[in-house]
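Asker: I'd like to go over a predicted model; first the sequence, then the structure.
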Amino acid sequence: MPTALTTTASNASGPLVGIPIFGWIVIAFVALLIFILLMSKGAKLMFGNKTVELDSGNGEKYNLDLLGLTYVMSDECHQIEQRKKEAIDDIVPDLSYKLTVISNLTCINLRAESILNSRRRRNGFETLLTKEAIDNYINSVSDELLIKLNSEIKNTVVCAINKADDIKKEDIFNIASIFTIKAIQACEKEYQQKIDLYNKFLPLYKSINDKNRIAFCEAKIKKHTDRITKLSSILESYKEV
């Protein structure tokens, strides 16, 4: 019986017969590397290239990966900020009819427009989150207009055909108030639009379990909600402006 087994083994043939132990170790090592490589690619496909469906707003839907999703959110955020800037830029032209009551001299009214545009370019309206801060800003704009326009009137004495009328303080204060409140209202609108934006993208980030961007969206929602909460009651007192 043992003789038969020996004979059978010695007659066996095939590509794996005769491979030394070292050869088997090499084969096992290569197989392990291939396995690790395949697992690595599989993990990348499973966790790194997740996609979500995003509604474009015009009836079309897109499948976006994490990078694309973040790009779209950033772009929409930029559009909101651009719309706020445009709204603030329109305030002074919209006030042109009010500026004509400042003085009977066009040069004085143009100087007032220049001062307001300078304030507009300096911006900083997003820091006006209390009634005290808003009142202080209105008074600051009003004081600047009064000082600089009265100084301008002195310069027109030698060149104007008609004498400049006295500037009424109440007219200046009214213009400063309208200018400031409209700018703050533009900011308030921006805050609400950003809340809507982050609420739109938050569930998408949750669906792919992106903890960093989930925390980012939640923090932004809280920040802008707090701002609106502060402003909504404050702006009620300026309804007559």
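Answerer: Yes, it's here. All values derive from a computational prediction rather than experimental measurement.
Asker: so which helix or strand takes in the residue nearest to the spatial centre of the chain?
Answerer: The structure's the chain has its C-alpha centroid closest to Cys77; by Cα atoms, centre = their mean the separation is 3.7 Å. Per DSSP states H and E, Cys77 falls inside helix 66-89.
Asker: Show me where this protein has its strands.
Answerer: Counting by DSSP state E, one finds strands in the chain at the ranges 51-55, 61-65.
Asker: So Lys50 sits against Asn63, correct?
Answerer: No: the pair Lys50 / Asn63 is not scored as a contact, 10.2 Å apart, by Cβ atoms under 8 Å. Using the backbone N, CA and C atoms, a C-beta is placed for each residue, glycine as well.
Asker: For the lengthiest helix in the chain, enumerate the helices and strands it packs against.
Answerer: In the chain, ranked by residue count with DSSP state H as the criterion, the top helix is helix 169-207. Helix 169-207 is packed against strand 51-55, helix 66-89, helix 91-94, helix 96-99, helix 106-122, helix 131-156, helix 211-236, with contacts defined by 3 or more Cβ pairs under 8 Å, 6 or more residues apart in numbering; DSSP states H and E.
Asker: Let me know the average pLDDT across the fourth one.
Answerer: The average pLDDT within helix 96-99 is 90.
Asker: how far is that helix from where the chain is centred?
Answerer: Its chain's average C-alpha position is 32 Å from that of helix 96-99, according to Cα atoms, centre = their mean, to the nearest Å.
Asker: So which helix or strand of this protein has the lowest pLDDT on average?
Answerer: Using mean pLDDT, DSSP states H and E, helix 2-11 stands out as the lowest-scoring helix or strand of the chain, at a mean of 44.
Asker: Quickly list the domain ranges of the protein.
Answerer: Per automatic domain parsing, the domain ranges recorded for the chain read 18-49, 56-236.
Asker: ranking these by burial, who's on top?
Answerer: domain 56-236 (a mean of 15; mean count of other Cβ atoms under 10 Å).
Asker: how about low-confidence regions in this protein?
Answerer: Residues of the chain meeting the criterion pLDDT under 70: 1-19, 22-24, 26, 28-49, 52-62, 64, 157-160, 240-241.
Asker: If we use 90, what do you get?
Answerer: 1-72, 96-97, 101, 103-108, 123-124, 152-166, 207-209, 232-233, 236-241 (pLDDT under 90).
Asker: Does Gln193 touch Gln79 like I think?
Answerer: No: with contact defined as Cβ under 8 Å, Gln193 does not count as touching Gln79 (9.1 Å).
Asker: what angle separates the longest helix of the chain from helix 106-122?
Answerer: Interaxial angle of helix 169-207 relative to helix 106-122 (axes from the mean of the first three to the mean of the last three Cα atoms, to 10 degrees): 30 degrees.
Asker: and helix 169-207, how far out from the chain's middle?
Answerer: With Cα atoms, centre = their mean, you get 12 Å for helix 169-207.
Asker: now do stretch 228-238
Answerer: The answer for stretch 228-238 is 22 Å, by Cα atoms, centre = their mean.
Asker: Can you verify my assumption that Arg119 contacts Val141?
Answerer: Yes: counting by Cβ under 8 Å, Arg119 does reach Val141; the two are 6.0 Å apart.
Asker: Touching both of the two, which residues are there?
Answerer: Taking Cβ atoms under 8 Å, 6 or more residues apart in numbering as the criterion, Arg119 and Val141 both touch Phe179.
Asker: any idea how far Glu190 lies from Glu81?
Answerer: 7 Å (Cβ to Cβ, to the nearest Å).
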